[in-house]
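Asks: next come a sequence and a model predicted from it.
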Amino acid sequence: MALLFDWTSSGFSPMHISEVMVELRRLGDSNVVSGMKRFGLPTENALGISAPKLRALAKKIGRDQDLSLKLWSTGNMEARVLAALIGDPQKVTKRQMERWVKDFDSWGVCDACCGVLFVYSPYALQATFRWARSEREFVKRAGFVMMAEMAIHLKVLGDREFLPMLKLIRRESVDERNFVRKAVNWALRQIGKRNSRLNRLCIGEAKRIQAGSSRSARWIANDALRELQSAPVQRRFQKLEKKSRMR
C-alpha cells in the first residue's frame, strides 16, 4: 500500500474519529453525489467525495487500524472507503473480513476493501474461494475482485494458486447480475495476463464458457478473449519468453 505511510514516523498525530468525520463532511460535494447514481453507486449514506481527495486524506492520516474500525462502524460510504485505505492488512482478522464483507452494498466499497486491504491479509486466499461461492451479490463479487487483485499484485503466488479459480470462474459465469459478471470477467482477464501459461489456460477456459447457453457467460468469454488474444498482450508474452531464453 505505497500511498500510505505510518503517522508514527511522519510527524503527524493520530486523528480522532470525530475529527475525520468533520473533515469528510467538509470535503463532501452534492454535485458528486448526484453523479454517483450514473455509476451504480448508492447515495443514501454518501457525502460525495472524489477518490483523489479520499486518497489524500488517507495519506495524511497514515495507517491506523483502530481508526479504520471506527470509520467502518459509521456506515457512511466514504468513511468505509477511507477505512479500507488506512487499515493495516497484517492486523485484519478473519472475523473482521467476514463482518465487513456482509456489509458491502456497492461495488465501490467492495472493490476498495478488496483491492487495498483484504488482498494483502494473511487470509486472502481462503476468503476468496469462500466468497466466490456465496449467493449474496456483493459477497460473490468480492471473491472475484480478490482473484483479479491477487493476479495483479501478489507476485509471490504461483500458478497453482490460480488454477482452482478457473473452475469457479466457469461455474459462476452464468450469474446474470451485472456487478457479479463484471467481476468474474475481470478475474478471468487479470489471471490470463499474469503469464503465458495462465494466458493459454484462460483462453481455453473462456472458449469453454463461450460455448454455454448463458448470455452472461458469453459476454464474459467474448470480452475476455478480445483482451487475452489481443496483439499487445501476446507481444508482451513473446518478449518475456524471448528474454527468458536469452538468460
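Replies: That came through, no problem.
Asks: contact partners for the closest residue in space to Ala132 that isn't next to it in sequence?
Replies: Computed as CB to CB, 6 or more residues apart in numbering, the closest residue to Ala132 that is not its neighbour in sequence is Gly143, at 3.0 Å. (Each C-beta comes from the backbone N, C-alpha and C, glycine too.) With contacts defined as CB atoms under 8 Å, 6 or more residues apart in numbering, the neighbours of Gly143 are Ala127, Thr128, Phe129, Arg130, Trp131, Ala132, Arg133, Ser134, Leu168, Ala183.
Asks: now intersect the residues you listed with the helices, please.
Replies: Ala127, Thr128, Phe129, Arg130, Trp131, Ala132, Leu168, Ala183 (DSSP state H).
Asks: pretty sure the last one contacts Val139?
Replies: When you say that, I think you mean Ala183. No - proximity of Ala183 to Val139 does not meet the contact threshold set by CB atoms under 8 Å, at 11.0 Å.
Asks: which one's more surrounded, the two?
Replies: Comparing Ala183 with Val139 by neighbour count (other CB atoms under 10 Å), the higher total belongs to Ala183, at 31 against 20.
Asks: from Asp111, how far out is the residue nearest to that one when sequence neighbours are not counted?
Replies: If you skip the residues right next to it in sequence, Ala183 has Phe144 as its closest partner in space, 3.8 Å away by CB to CB, 6+ apart. Between Phe144 and Asp111 the computed distance is 11 Å (CB to CB, to the nearest Å).
Asks: these two: who's more crowded?
Replies: Under the neighbour definition other CB under 10 Å, Phe144 and Asp111 were set side by side, and Phe144 has more, 29 against 22.
Asks: so that one, which of the three states?
Replies: The three-state assignment at Phe144 reads helix, by DSSP: H, G, I helix; E, B strand; the rest coil.
Asks: correct me, but it touches Ala187?
Replies: Yes - distance between Phe144 and Ala187: 4.3 Å, which falls inside the contact criterion (CB under 8 Å).
Asks: which neighbours do those two have in common?
Replies: Shared contacts of Phe144 and Ala187, defined by CB under 8 Å, 6+ apart, comprise Ile169.
Asks: which helix or strand contains Pro42?
Replies: Here Pro42 is covered by no helix or strand, with elements defined by DSSP states H and E.
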